[in-house]
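Chemist: Okay, sequence plus prediction incoming.
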Amino acid sequence: MTDAAGGSRKEEAKEQIQSGIGLSDAQLSQPRRRMLDLVNRLHSTGVQVDIDLPQIAVIGSQSAGKSSLIESISGITLPRAAGTCTRCPTECRLSRSDSPWQCKVSLRFITDKKGQLLGQVRNETFGTIIYDKSEVEERIRRAQRAILNPSRSKKEFLDGEDDPSLPTELSFSSNCVSLQISGPDVADLSFCDLPGLIASVSSSGGHANDIILVEGLVTSYIKKPSCIILLTVTCETDFENQGAHRLAKQYDPEGRRTIGVLTKPDRIPEGEQIHWLPFIRNEREPLDNNWYCVKQPSSSDIKKKITWDEARKREDDYFSMTPPWNELDTIHLKYLRTRNLVERLSSVLSDLIAKRLPEIQEELDRSIIKVRENLNSLPRPPSTDPLNEVANLLYEFTADLHRHVDGVPGEDGLLQCIRPAQDRFRRAIRDTAPQFVPFERRRADGKVLHPPTFLEGDEDIGVVNDQEYGKALAVARKMVHVNAGGGKAEPAPAESAEGSDASGSTAKKRTHQEMAEDENTGTIYVDEVFARAHKSRTRELPGSYPFAVQKTFIIDVVKQWKDPALIYLQNVQTFMLAHTKELVREHFSEFGQGLLEQRVRTIVHNHLKECFKRAEQRVLWVLETEEHPFTVNYHYLSEYKSKFLAYYKSARDKETRGKVTSQIESFVSQPIVSSSRSQQPSTPGNSKAAKKSQLSSGVFGSSEEATQEPNGIAKVLAGLTEMGIMGIRPQDLYRILPPDEMEPAINIMADVRAYFQVAYKRFSDNVPQAVDHELVRGVERDILKTLCTKLGTNGPSSEKICAELAQESPQVADRRQDLMKKLERLQSATVELMEIGL
């Protein structure tokens with residue numbers, strides 16, 4: 001470029017400025033200009049991504065005259081090419097200034113090169129400030145090329161040799177070119193020129209999805225309630241064939257924020273002008289802000305480089321001298337000419353800004369609160385001292401684990417969840433009590449043996465709601481995702497754990513013979529006990545039976561204890577796994593990207609497995625000790641034996657000696673009546689007669705019966721008295737009855753049943769105690785040392801390991817960055833609002 005040429009262009013620009021290029025209202029009120037400047041500054045912060053800001057969007061189909069309209073309003077020349085002229089939004093910020101005319105071009109990126117929305121709008125200045133209007137067109141063309149080639153350096157397009165004929169990476173982009181134009185004769189107005197809607201993809205240089213892409217881009221602007229739609233419609237094409245109006249009506253069906261502009265009126269075929277006049281009269285497709293008609297310089301005029309002042313004069317002459325435009329009523333003449341359109345645009349935009357600014361402030365306040373809440377909901381940011389933070393987290397976790405193992409209030413506490421399992425276990429062991437019946441099997445039909453009353457209140461076991469317990473256990477298993485101890489799950493709580501085949505335990509499955517023996521333990525008749533006792537005799541003296549008989553019954557019972565014990569152990573481990581997993585989540589889920597939580601969970605899980613193995617060994621050891629009957633609780637054993645012995649004998653006596661028993665009980669229940677004769681003193685001569693008379697006359701009967709001979713029990717007692725056997729009670733008559741051949745079996749039954757009471761209570765205490773010691777309390781034993789050792793936080797590479805553990809998840813980091821940038825935008829916008837005094 002020669003100096004002469006450069007000087008010529010500057011002179012031309014100077015002439016254009018002096019001739020009033022563009023449109024401006026120098027009398028525009030200062031408050032209105034300040035509000036427009038404020039909205040422009042808000043757009044610069046990028047807050048329009050978050051808040052609906054007032055703006056004007058210029059839309060229209062291709063070749064609808066949009067570019068000529070923008071040039072007329074802004075006073076600059078836009079790049080022109082065959083086909084699509086505008087391939088990205090072009091934002092024009094016009095402001096009147098007493099300083100010389102200038103234009104600043106910048107690139108605004110709201111998406112990255114992959115089309116993903118950026119967390120914060122990026123504004124990049126594209127070149128130095130332009131003071132020569134003739135340089136604007138080339139700068140805009142290069143800026144658009146830079147937008148459409150996001151992977152290439154911006155400097156390459158700004159300073160390098162760029163061939164416009166070369167293909168671009170993108171056909172269209174939502175990133176925009178921003179023009180900040182100011183000068184003494186520039187209008188106070190801001191608007192955004194959007195790419196023209198495409199009717200069909202060209203055979204060269206176009207993509208199949210360009211139509212959808214452009215329509216989506218235009219929609220993203222005009223769907224916002226605070227967007228004024230400047231709809232350009234060319235008069236050289238049928239109105240119905242222009243898709244821009246359809247799109248505008250879709251998002252503004254009542255036409256409240258749409259301003260229509262008819263372009264190229266000089267190209268209307270002769271005689272058809274009358275079809276467009278109803279728009280100006282607002283009779284056809286009426287809009288709240290009416291339709292306007294403008295005439296811009298033709299292509300030949302532009303080539304002749306006519307001034308904008310001359311272009312406006314020619315527009316005035318056209319509408320003043322050309323029918324039917326000059327024949328319109330005076331009230332409609334204000335809807336002709338570009339100058340009137342700009343004044344209306346400025347007024348509508350200013351009114352919208354004045355209305356929206358207080359609402360924007362409220363929206364900003366609400367958005368800031370929401371963003372801060374979202375930030376607070378994120379995990380804590382990475383620590384600057386990860387080693388100490390990891391150590392603190394581990395310490396707090398182990399302290400909390402100790403607290404839960406000791407017991408915490410609330411129904412969801414660890415011990416509260418385990419307690420129903422303990423009650424179910426104790427009940428299962430209690431239900432294995434041998435069901436001895438002091439009757440022979442052949443005589444047992446229809447006979448009922450009532451439970452011993454002396455056991456009432458002696459076996460107080462909490463009532464367990466099987467349904468609720470089953471739900472709690474199912475929830476715990478779901479949390480764990482794996483079964484405790486590597487075994488199978490316990491049968492459904494609603495089922496009988498005692499009647500199952502112990503598929504949930506680590507015990508071996510029983511043989512059919514063992515199961516048959518277990519069935520026999522359900523009801524054991526006295527003759528079966530007697531038969532087993534006889535089979536067990538070896539060298540014993542007659543009437544003596546070995547202790548092996550009692551031992552066989554005890555062993556049969558103890559064999560049934562293994563399954564409930566191991567099921568109880570597994571269920572406790574399930575609850576332990578679920579609770580420790582939840583504690584790990586509470587303490588470590590917000591640290592880093594979850595790696596520490598995962599490792600701690602694995603370490604604690606393996607630690608629990610080791611505790612489970614020790615607890616299982618202890619339970620099996622307790623079971624092994626119960627295989628050999630033993631107790632030093634002689635008093636307890638003796639007391640229960642006497643009670644059960646009396647219980648069994650009483651039931652059997654009622655069965656085998658029912659008649660004698662009923663007579664004795666009937667006799668005892670008779671009232672004792674005194675007799676006057678029984679009160680006479682006896683003499684040696686009549687002592688026998690007195691005793692006989694005493695028994696027969698009134699001691700055990702009424703005076704009316706005194707003369708009758710005694711019978712039944714009375715007769716037996718009278719006979720014994722007559723024999724000189726004194727002090728015999730009716731109950732003592734049992735001693736003279738023949739002995740019960742089943743008495744040894746009754747004695748064995750009492751022995752076994754009494755020992756069961758001692759052993760089952762001992763076992764139902766020892767197993768939960770062993771599980772509590774080795775598993776429940778065992779989980780906290782050396783857990784801190786185990787965690788530090790396994791994690792390596794106490795080794796030479798501790799700082800490096802903790803730094804790796806503290807790394808934040810990329811998703812969380814991106815989310816935090818987006819929120820921080822959004823907060824920055826919102827706060828910047830708030831500061832801008834505060835400066836205008838809102």
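Modeler: Structure's in. What do you need? Numbering: from 1, shown residues only.
Chemist: Next one, pLDDT for residue 657 please.
Modeler: For residue 657, the pLDDT comes out at 75.
Chemist: these two touch, right, residue 779 and residue 609?
Modeler: No - at 10.5 Å, residue 779 does not count as touching residue 609 under the criterion of C-beta atoms under 8 Å. Yep, even glycine has a C-beta here, placed from its N, CA and C like the rest.
Chemist: Tell me which of those two has more neighbours.
Modeler: Taking other C-beta atoms under 10 Å, residue 779 and residue 609 do not tie; residue 779 has more neighbours (25 against 14).
Chemist: For the more buried one, give me phi and psi.
Modeler: For residue 779, the backbone dihedrals (degrees, to the nearest 10) come out as phi -70, psi -30.
Chemist: Which residues lie in contact with it in this structure?
Modeler: Going by C-beta atoms under 8 Å, 6 or more residues apart in numbering, residue 779 touches 401, 405, 576, 580, 604, 607-608, 611.
Chemist: distance of residue 165 from residue 137?
Modeler: 17 Å (C-beta to C-beta, to the nearest Å).
Chemist: Between those two, which is the more surrounded one?
Modeler: Between residue 165 and residue 137, residue 137 has the larger neighbour count (other C-beta under 10 Å), namely 15 against 7.
Chemist: Pull the contacting residues for the more buried one.
Modeler: Contacts of residue 137 by C-beta under 8 Å, 6+ apart are 76-79.
Chemist: ok, and the most crowded of those residues?
Modeler: Neighbour counts for the contacts of residue 137, by other C-beta under 10 Å, peak at residue 76, which reaches 25 neighbours.
Chemist: if I look at that residue, how far off is residue 241?
Modeler: Distance of residue 76 to residue 241, given as C-beta to C-beta: 30 Å.
Chemist: all strands of the stretch 301-450 of the chain, in order?
Modeler: Assigned by DSSP state E, counting those that start in this stretch, the stretch 301-450 of the chain shows strands spanning 436-437.
Chemist: likewise the chain?
Modeler: With DSSP state E as the criterion, the chain has strands at 55-60, 90-96, 102-111, 117-125, 176-183, 189-193, 227-234, 258-263, 291-293, 436-437, 524-525.
Chemist: Would you single out the least confident of those?
Modeler: Comparing these by mean pLDDT, the weakest confidence falls on strand 117-125, with a mean of 75.
Chemist: which stretches of the stretch 401-550 of the chain have low pLDDT?
Modeler: Across the stretch 401-550 of the chain, the ranges flagged by pLDDT under 70 are 459-467, 469, 471-472, 479-521.
Chemist: again with the stretch 551-700 of the chain
Modeler: Within the stretch 551-700 of the chain, the ranges that satisfy pLDDT under 70 run 671-700.
Chemist: one step back: Serialize the contacts of residue 779 to a markdown table and add fields for neighbour count.
Modeler: What follows is the contacts of residue 779, written out as a markdown table (neighbours: other C-beta atoms under 10 Å):
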| residue | neighbour count |
| --- | --- |
| 401 | 21 |
| 405 | 20 |
| 576 | 27 |
| 580 | 25 |
| 604 | 23 |
| 607 | 20 |
| 608 | 23 |
| 611 | 23 |
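Chemist: So which of these are in helices?
Modeler: Using DSSP state H, the members of the contacts of residue 779 that fall in helices are 401, 405, 576, 580, 604, 607-608, 611.
Chemist: Need those in TSV (columns: distance to residue 141).
Modeler: Shown next, in TSV, are those (distance: C-beta to C-beta, whole Å):
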residue	distance to residue 141
401	68
405	74
576	71
580	66
604	65
607	69
608	70
611	75
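Chemist: still on that earlier bit, which member of the contacts of residue 779 is positioned nearest residue 543?
Modeler: Nearest to residue 543 out of the contacts of residue 779 is residue 611 (C-beta to C-beta; 53.1 Å).
Chemist: Quick check: the gap between the closest one and residue 366.
Modeler: Distance, residue 611 to residue 366, using C-beta to C-beta: 52 Å.
Chemist: again with residue 629
Modeler: Going from residue 629 to residue 366 by C-beta to C-beta gives 77 Å.
Chemist: So for these two, which sits in the more crowded spot?
Modeler: Neighbour count, other C-beta under 10 Å: between residue 629 and residue 366, residue 629 has more, with 17 against 12.
Chemist: Quick one: residues contacting residue 39.
Modeler: Applying C-beta under 8 Å, 6+ apart, the residues near residue 39 are 53-55, 190, 353.
Chemist: Now stretch 122-142 - C-alpha only, CSV.
Modeler: In CSV, the C-alpha atoms belonging to stretch 122-142 read as follows (Å, rounded to 0.1, in the frame of the first residue of the first chain):
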residue,chain,number,x,y,z
ARG,A,122,-13.4,-15.3,26.2
ASN,A,123,-12.9,-11.9,24.6
GLU,A,124,-9.8,-11.5,22.4
THR,A,125,-8.9,-8.2,20.8
PHE,A,126,-8.3,-8.7,17.0
GLY,A,127,-5.8,-6.1,16.0
THR,A,128,-5.3,-2.5,16.9
ILE,A,129,-8.0,0.2,16.9
ILE,A,130,-9.1,1.3,13.4
TYR,A,131,-9.4,4.9,12.7
ASP,A,132,-9.9,4.5,8.9
LYS,A,133,-13.3,3.2,7.9
SER,A,134,-11.8,1.7,4.7
GLU,A,135,-9.9,-0.8,6.8
VAL,A,136,-12.9,-2.1,8.6
GLU,A,137,-14.2,-4.4,5.8
GLU,A,138,-10.9,-6.3,5.5
ARG,A,139,-10.5,-6.6,9.3
ILE,A,140,-14.0,-8.0,9.6
ARG,A,141,-13.4,-10.5,6.8
ARG,A,142,-10.2,-11.7,8.5
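Chemist: Buried residues of it, list them for me.
Modeler: Of the residues in stretch 122-142, 126-127, 130, 133-136, 139-142 count as buried by neighbour count, 16 or more other C-beta atoms under 10 Å.
Chemist: nearest to residue 305, of those?
Modeler: residue 134 (9.7 Å).
Chemist: Can you give me the end-to-end span of stretch 590-597?
Modeler: This stretch, stretch 590-597, spans 9 Å end to end (C-alpha to C-alpha, to the nearest Å).
Chemist: what's the closest of the strands of the chain to residue 790?
Modeler: Evaluated over the strands of the chain, closeness to residue 790 peaks at strand 117-125, with 37.9 Å, by C-beta to C-beta.
Chemist: measure residue 280 to residue 317 for me?
Modeler: 18 Å.
Chemist: neighbour count winner among these two?
Modeler: Taking other C-beta under 10 Å, residue 280 and residue 317 do not tie; residue 280 has more neighbours (23 against 11).
Chemist: and that one, how far is that from residue 229?
Modeler: Taken as C-beta to C-beta, the spacing of residue 280 relative to residue 229 amounts to 18 Å.
Chemist: what's the answer for residue 151, then?
Modeler: 33 Å.
Chemist: Which one of the two is surrounded by more residues?
Modeler: Counted by other C-beta under 10 Å, residue 151 and residue 229 do not tie: residue 229 has more neighbours, with 25 against 8.
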